[in-house]
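**Student:** Any chance you could fold what I've pasted below:
(one chain, ligands or ions: 1)
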Amino acid sequence: MDITFDHVSFTYQAGTPFAGDGIKDVSGVIRDGSYTAIIGHTGSGKSTILQHLNALLKPTSGTVTIGDKVITNETNNKNLKPLRQKVGMVFQFAENQLFEQTVAKDIAFGPQNFGVSEKDALALADKMVKMVGLPHDVLEKSPFDLSGGQMRRVAIAGVLAMQPEVLVLDEPTAGLDPSGRHEMMQMFEQLHREQGQTIVLVTHQMDDVADYADTVWVMAEGKLIKTGTPREIFADPAWLKANQLGLPKTAQLAQQLAAKGFHFDPQPLTESELADQLVPQIGGGQRG
Ligand SMILES: Nc1ncnc2c1ncn2[C@@H]1O[C@H](COP(=O)(O)OP(=O)(O)OP(=O)(O)O)[C@@H](O)[C@H]1O
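**Tutor:** Purely as a prediction, here's the structure:
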């Protein structure tokens, strides 16, 4: 399912003295099957974009087309429930939204709310717990007895149990330690690679953009100022700096090595790309 923005603007508290622009004249497509990263400085409009992906916000002007559903300022709120199933949102610190007595009930809550029987919803909970890498025995535990990272996985399992066509992640690894971050990003990567899950990721981590995304939207002051592949977006360090964005760590390291006489073409964005280009230059690669 594609999600298409056509000249979308959104004004918070429109018509009041507190009115403020959220996004301005955004046009672009989140392609079915893509892994799209949305990046930009604080206040650039990323969260406002996300909330248009399942019509939590409706455009002040312009249209958002989600699959076959066209959302405008005039769209009636009543008919939006199916969208909430099709576009699953994992908000920042999603674990704060857990509330049931057991993990199983918490994960099953969403599907049951959409008419799935209790038995089938609990079977889904069983499957999703595995998918997010948690042991089976957490199902009967209280979510509040788990670690923070485990609680977040339960919250994500609850979103996945809705079997969304598009999975939207708002800084899903915020507050996790480096290994927890890596494991969680690998989990999303697996969903994308093995099941073709469409993913939209808001992140401040340029390494994650380079490692996982195939498409990038760059936001600044409410506008979508650039779209492209990570390679296209990271090709111009001066432009990135002007927009208060950085390079992935690997590309930064390659820049430092280039200043010492090493040569890279194309610019390496991931560790394995860096290693592939560096090894021949230091005469390595053959051991023993
Ligand atoms: N509830 C609100 N009421 C009024 N203005 C808002 C509201 N939420 C956001 N804004 C404004 O809309 C603009 C875009 O904000 P948004 O939260 O979408 O940016 P962001 O890129 O997600 O920021 P961050 O990286 O800090 O989460 C900002 O100028 C912000 O001040």
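**Student:** in the stretch 151-288 of the chain, which ranges drop under the pLDDT threshold?
**Tutor:** Low-confidence segments of the stretch 151-288 of the chain, defined by pLDDT under 70, are located at 284-288.
**Student:** Would you mark the buried spots in stretch 105-125?
**Tutor:** Of the residues in stretch 105-125, 105-112, 116, 121-122, 124-125 count as buried by neighbour count, 16 or more other C-beta atoms under 10 Å. (C-beta placed from N, C-alpha, C; glycine too.)
**Student:** Closest one to Pro59 out of these, please.
**Tutor:** Gly110 (26.1 Å; C-beta to C-beta).
**Student:** can you tell me the helix or strand for the closest one?
**Tutor:** Following DSSP states H and E, one finds Gly110 within helix 103-113.
**Student:** The next helix or strand after that helix: how far from the chain's middle?
**Tutor:** Toward the C-terminus, helix 103-113 is succeeded by helix 118-131 as the next helix or strand (DSSP H and E). Averaging C-alpha positions (C-alpha atoms, centre = their mean, to the nearest Å) puts helix 118-131 23 Å from its chain's average.
**Student:** for the next helix or strand after helix 118-131, the distance to its chain's centre please.
**Tutor:** Next along the chain after helix 118-131, taking DSSP H and E as the criterion, comes helix 148-160. Helix 148-160 sits 15 Å away from the centroid of its parent chain (C-alpha atoms, centre = their mean).
**Student:** what residues does helix 148-160 touch?
**Tutor:** Contact with helix 148-160 is made by 88-90, 93-95, 97-98, 103, 106-107, 109-110, 125, 128-129, 131-134, 138, 143-144, 146, 167, 172, 175-177, 180, 184, 187, 191, as judged by C-beta atoms under 8 Å, 6 or more residues apart in numbering.
**Student:** Filter those residues down to the buried ones.
**Tutor:** Those of the contacts of helix 148-160 that meet the buried threshold are 88-90, 93-95, 98, 103, 106-107, 109-110, 125, 128-129, 131-132, 134, 138, 143, 146, 167, 172, 176, 180, 184, 187, 191, by 16+ other C-beta under 10 Å.
**Student:** Can you tell me which of those residues are also in contact with the ligand?
**Tutor:** Filtering the buried ones among the contacts of helix 148-160 for proximity to the ligand by C-beta under 6 Å from any ligand atom leaves nothing.
**Student:** which residues touch the lengthiest helix in the chain?
**Tutor:** If you go by DSSP state H, the chain has its longest helix at helix 178-195. Contacts with helix 178-195, where a contact means C-beta under 8 Å, 6+ apart, come from 35, 131-133, 149, 152-153, 156, 160, 167, 169, 172-173, 176, 197-199, 201, 208, 211-212.
**Student:** buried set for that helix?
**Tutor:** Residues of helix 178-195 classed as buried: Gly180, Arg181, Glu183, Met184, Met185, Met187, Phe188, Glu189, Leu191, His192 (neighbour count, 16+ other C-beta under 10 Å).
**Student:** how close does the residue nearest the centre of the chain sit to the ligand?
**Tutor:** Centroid-nearest residue in the chain: Leu201, 1.6 Å away (criterion: C-alpha atoms, centre = their mean). The gap separating Leu201 from the ligand is 13 Å, by C-beta to the nearest ligand atom, to the nearest Å.
**Student:** Cross-check the contact I'm expecting between that residue and Ile39.
**Tutor:** No. Contact between Leu201 and Ile39 fails when scored by C-beta atoms under 8 Å: they sit 9.1 Å apart.
**Student:** Report the inter-axis angle for the helix or strand harbouring Val200 versus helix 178-195.
**Tutor:** Element membership for Val200, per DSSP H and E: strand 198-202. Compare the direction of strand 198-202 with that of helix 178-195 by axes from the mean of the first three to the mean of the last three C-alpha atoms, to 10 degrees and you get 150 degrees.
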